[in-house]
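*Asks:* show me how the following folds:
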Amino acid sequence: MSSLEISSSSCSQVTRLQLFPPLAEDNISGLLGESMSAIEEKPKDIIKFTLEKLSVDEVSQLVVSPVCGAVSLFVGTTRNNFEGKKVVSLEYEAYMPMAEAEVRKICSAVRQQWPVRHIAVYHRLGLVPVTEASVVIALSSAHRAASLEAVKYVIDTLKAKVPIWKKEIYEEETSSWKRNKECFWTKN
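*Replies:* Take a look at the predicted model:
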């Protein structure tokens, strides 16, 4: 660590003050090692469909990178109402082979449009109670504009193209599977 010596002609004592942060020349090899490992860090696409409760913190930590100054998140949660009806929970099903393939295509399209480092898309299946997350999308990039635009693209495209079905379970009436209005194959 660097230090700064202050001496006074009126006293024989020398005071050493530690400088923070250390000067670059004190740790140049450490800094080079960190930046080189960050450059060598390969972009990751992390996709998971699970019956387990989603952790926003866990998913967001997957995309953190030393070369990125932005992490953008989208968290879709179950709300307690829809069209005046009280919702108790949502239930999700997916055609897994096609769902995973479609999410990979979305990640590829994102990488062609925006300079992002890591992408994580986690979607819950099965019952999702009110206030819990159904989907968590996290992206990292050097700057905020790319990650914000990309995360919006991912959720919009996921809802339109990925074969995931949702059933709203209401407090007072029979539930049924609901088509996604944004889905491309259900448009007239």
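*Asks:* dump the residue contacts of the most centrally placed residue in the chain.
*Replies:* In the chain, the centroid-proximal residue (CA atoms, centre = their mean) is Ala138; its distance is 1.1 Å. Counting by CB atoms under 8 Å, 6 or more residues apart in numbering, Ala138 touches 59-60, 62-63, 71-73, 118-120, 151. For glycine as for every other residue, the C-beta is placed from the backbone atoms N, C-alpha and C.
*Asks:* let's see 7 Å
*Replies:* 59-60, 62-63, 71, 73, 120 (CB atoms under 7 Å, 6 or more residues apart in numbering).
*Asks:* next one: Pro129
*Replies:* When contacts are counted by CB under 7 Å, 6+ apart, Pro129 touches 78, 89.
*Asks:* hmm, back to that, now find how far off-centre the helix or strand hosting the residue nearest to the centre of the chain is within its chain.
*Replies:* Using DSSP states H and E, Ala138 falls within strand 133-141. Mean-position distance between strand 133-141 and its chain equals 3 Å (CA atoms, centre = their mean, to the nearest Å).
*Asks:* pairing partners for that strand, with directions?
*Replies:* Using DSSP bridges, strand 133-141 pairs in its sheet with strand 70-77 (antiparallel), strand 116-124 (antiparallel).
*Asks:* of the ones you listed, which approaches Ser108 most closely?
*Replies:* Of all these, strand 116-124 sits nearest to Ser108, with 9.8 Å by CB to CB.
*Asks:* ok, how many other residues are close to the nearest residue to Cys68 once chain neighbours are set aside?
*Replies:* In this structure, Cys68 finds its nearest non-sequential neighbour in Ser140, 4.0 Å apart by CB to CB, 6 or more residues apart in numbering. By other CB atoms under 10 Å, the residues close to Ser140 number 25.
*Asks:* Ser140 bridge partners, please.
*Replies:* Beta-bridge pairing of Ser140 under DSSP bridges involves Val71.
*Asks:* state the distance from it to Met98.
*Replies:* 27 Å (CB to CB, to the nearest Å).
*Asks:* do the same with Glu172
*Replies:* In terms of CB to CB, Glu172 sits 34 Å off from Met98.
*Asks:* and what of Val162?
*Replies:* Distance from Val162 to Met98, counting by CB to CB: 8 Å.
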